[in-house]
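Provided below are the primary sequence and the corresponding predicted coordinates.
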Amino acid sequence: MSQNEGCTEVVGPNILYFGPYAWREGMGGSARLRNMLDVLGKLQANIHLISYLSEKKFRMTHKRVSDYLNTLTVHVPRSLPKLFKLFALLPIFMYGLRYIKKSNIILAHGPGIVYGLPALILAKTFSKPLLIDLTDSRDPDTPGFIYSRVLKNSSVVFAVSRYLVEVAREAGCRNVVYAPGFIDADIFQNNASERAKIRKKLNIGSNDVVIGYAGHFSPIEGLSFLLKAFKSLSKRYENIKLVLLGGRSVPGSDNIMQLANEPDLKEKVILIPPQPYESMPAYLSAFDIACSPKIDCAENRAADPIRVYEYMSVGLPTVATAVGSTANVIENGRDGFLAKPGDEDDLERILEHVIQNLDSLQEVRRKAREKVIKDYTQAVILKKIENVLKEL
């Protein structure tokens, strides 16, 4: 607190944040990190974000993003073996030392070896509270003992799913806060004029029904099942199109380009490269139906369906597989539709039901957006984070 002419001015915390680079599309964790930074900014926090990015050559870049956010990014050649990439920990740690004395809270995007480990060492060395934003299951590059040690020694863990709440508790963390994904519903809403522009740009007719997907092309996303279901549906419905917005961003990604270019799909599937985050509401507005066909696996059971919140906030009839948090977010038939994960026949059946009943799903659209506004917006998470920061 500081006094100024008899008035009390609230000064937010100084936060040293270890997290992924969030200003390039396709990087994991971008949406979550962007939203967390927005919320912390509204709480008047002053943030130094230290990131790691795999690129062509080794370098370090500084950027002042806003009045409250400064970033430092360590760029490491992607051609280096994984063992050598651990050397990125040294500059990350050294720059952490540079800002630690000015910080009263340390926040890390996950308990991994790149962000969680230097955050824990600095927190212990300088007796600072450590907050972990737990968004995924353990990555294979992080040894289990480091993952558990970081969680156990954290002051607070924000867990995006009930699954990860239990993971943090089992690791020994005494203060776990359920903090699911959240979006800005004022931005993610249906925009008729943007819808018309995007559909014209993509050469989509006014009578065409667009099934849309936005995200990675990783095998765990289940796009091969969606393509097979769509291929069958397209034989019965000539006016349907499939829009896949995203790209290959992780090792082992499905060859969606090849699958989409099969002779009987080539004219009906539209592939769009990753777009700037601020353009996403316009592209989602161009969809008629949204789909999240994730398979059942450990990663999806742990993750939080941020894209599903965006679909629902735009008011799209959303067809998603019942895996992880999605099964709890969507109430089948009321504010969305659930299919069996990995079952292309069930996915096809539900998509067909939605196609046939598009004109009568206004109530489903309305309830979907209402649910997001009630439970998954910045205002909801802001209150949780504000309470935690007050305690610290």
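Received the coordinates, thanks.

Now tell me what touches whichever strand or helix holds residue 232 from outside.
Assigned by DSSP states H and E, residue 232 belongs to helix 223-234. If you take Cβ atoms under 8 Å, 6 or more residues apart in numbering as the criterion, helix 223-234 is touched by 211, 213, 217, 240, 242, 244, 254, 256, 259-260, 262, 264-265, 268-269, 291, 293, 295, 342-345, 347-348, 351-352, 355. Where C-beta positions appear, they are placed from N, C-alpha and C, glycine not excepted.

Grab the nearest non-local neighbour of residue 286.
residue 198 (3.9 Å; Cβ to Cβ, 6 or more residues apart in numbering).

pretty sure that neighbour contacts residue 284?
No: using Cβ atoms under 8 Å, residue 198 makes no contact with residue 284, being 9.3 Å away.

just the helices in the stretch 201-350 of the chain please.
223-234, 256-260, 280-285, 298-302, 306-313, 326-329, 344-356 (DSSP state H, counting those that start in this stretch).

Among those helices, which comes closest to residue 37?
Set against residue 37 and scored by Cβ to Cβ, the helices of the stretch 201-350 of the chain come closest in helix 306-313, at 14.7 Å.

Point out the other helices and strands that the closest one packs with.
Other helices and strands packing on helix 306-313, by 3 or more Cβ pairs under 8 Å, 6 or more residues apart in numbering; DSSP states H and E, are strand 209-216, helix 280-285, strand 289-292, strand 318-321, helix 326-329, helix 362-375.

JSON lines please, covering the ones you listed and showing mean neighbour count, mean pLDDT and distance to residue 167.
As requested, the helices and strands packed on helix 306-313 are exported to JSON lines (neighbours: other Cβ atoms under 10 Å; pLDDT from 0 to 100; distance: least, Cβ to Cβ, whole Å):
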{"stretch": "strand 209-216", "mean neighbour count": "21", "mean pLDDT": "95", "distance to residue 167": "22"}
{"stretch": "helix 280-285", "mean neighbour count": "21", "mean pLDDT": "97", "distance to residue 167": "29"}
{"stretch": "strand 289-292", "mean neighbour count": "26", "mean pLDDT": "98", "distance to residue 167": "22"}
{"stretch": "strand 318-321", "mean neighbour count": "27", "mean pLDDT": "98", "distance to residue 167": "22"}
{"stretch": "helix 326-329", "mean neighbour count": "19", "mean pLDDT": "93", "distance to residue 167": "16"}
{"stretch": "helix 362-375", "mean neighbour count": "17", "mean pLDDT": "97", "distance to residue 167": "22"}
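
Dump those to a markdown table, plus distance to residue 227.
As requested, these are arranged in a markdown table below (distance: least, Cβ to Cβ, whole Å):
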| stretch | distance to residue 227 |
| --- | --- |
| strand 209-216 | 10 |
| helix 280-285 | 19 |
| strand 289-292 | 11 |
| strand 318-321 | 14 |
| helix 326-329 | 20 |
| helix 362-375 | 25 |
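
now for these, which one comes closest to residue 117?
From those, taking Cβ to Cβ, the stretch that ends up closest is strand 209-216, at 25.5 Å.

Quick check: neighbours of the closest one in the sheet, parallel or antiparallel?
strand 240-247 (parallel), strand 289-292 (parallel) (DSSP bridges).

Output the ones you listed in a markdown table; the columns should cover distance to residue 194.
Listed next are the strands paired with strand 209-216 as a markdown table, based on distance: least, Cβ to Cβ, whole Å:
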| stretch | distance to residue 194 |
| --- | --- |
| strand 240-247 | 14 |
| strand 289-292 | 16 |
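
Tell me which of the ones you listed sits nearest to residue 319.
Here strand 289-292 is closest among those (Cβ to Cβ), at 4.9 Å.

And the closest one, how far out from the chain middle?
Chain-centre distance of strand 289-292: 16 Å, with Cα atoms, centre = their mean, to the nearest Å.

Residue 125: which of the helices of the stretch 201-350 of the chain is closest?
Short answer: helix 298-302, nearest of those by Cβ to Cβ, at 29.9 Å.
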